[in-house]
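[1] all I have is the shape, not the residue letters:
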């Protein structure tokens with residue numbers, strides 16, 4: 001599938017300094033698709049290196065935390081993502 005702005009929500013946007021902005025992104029796309037270079041190109045004017053994206057795969061469901069690694073000439077690349085373990089031991 002492709003990126004959809006409908007799945008993006010701002011948690012907190014950095015106003016100044018070097019603090020990262022944080023976003024959530026929900027899609028039926030697996031993290032392997034979402035972390036492909038160019039997936040977030042439509043946000044190249046918004047995302048900055050170091051920004052954090054909580055990626056929710058609504059089809060599985062799973063959650064991963066990824067960081068913007070590069071954003072140059074309109075091409076955005078994010079990290080592979082770290083999976084957040086979902087456990088319920090009660």
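    Ah, there it is. It should be emphasised that the depicted structure is a prediction, and the values quoted were computed from it without experimental measurement.
[2] residue 32 falls within a helix, correct?
    Yes - residue state for residue 32 (DSSP: H, G, I helix; E, B strand; the rest coil) corresponds to a helix.
[3] tell me how many other residues crowd it.
    Close neighbours of residue 32, defined as other Cβ atoms under 10 Å, add up to 11. For every residue, glycine as well, the C-beta is placed using N, CA and C.
[4] distance of it relative to residue 45?
    25 Å (Cβ to Cβ, to the nearest Å).
[5] closest to the centroid, which residue in this protein?
    residue 53 (3.3 Å; Cα atoms, centre = their mean).
[6] that one touches residue 26, doesn't it?
    No - Residue 53 lies out of contact with residue 26 (Cβ atoms under 8 Å); the separation is 10.8 Å.
[7] contacts only, for residue 43.
    3, 8, 76 (Cβ atoms under 8 Å, 6 or more residues apart in numbering).
[8] quick check: phi and psi at the second one.
    Residue 8 has phi and psi values of phi -100, psi 130 when expressed as degrees, to the nearest 10.
[9] ok, the residue nearest to it when sequence neighbours are not counted - how many residues close by?
    Leaving aside its sequence neighbours, residue 8 sits nearest to residue 25 (Cβ to Cβ, 6 or more residues apart in numbering; 5.3 Å). For residue 25, the neighbour count with other Cβ under 10 Å is 23.
[10] list the contacts of residue 25.
    Neighbours of residue 25 in contact, by Cβ under 8 Å, 6+ apart: 7-9, 34, 53-56.
[11] strand partners (parallel or antiparallel) of whichever strand or helix holds it?
    Residue 25 is part of strand 22-27, with elements assigned from DSSP states H and E. Partners of strand 22-27 in the sheet, by DSSP bridges, are strand 8-12 (antiparallel), strand 52-57 (parallel).
[12] any idea which of those strands is most buried?
    strand 52-57 (a mean of 21; mean count of other Cβ atoms under 10 Å).
[13] between strand 22-27 and the helix or strand that it is followed by, find me the angle.
    For strand 52-57, the following helix or strand on the C-terminal side (DSSP H and E) is strand 62-72. Put simply, strand 62-72 runs at 120 degrees to strand 22-27, going by axes from the mean of the first three to the mean of the last three Cα atoms, to 10 degrees.
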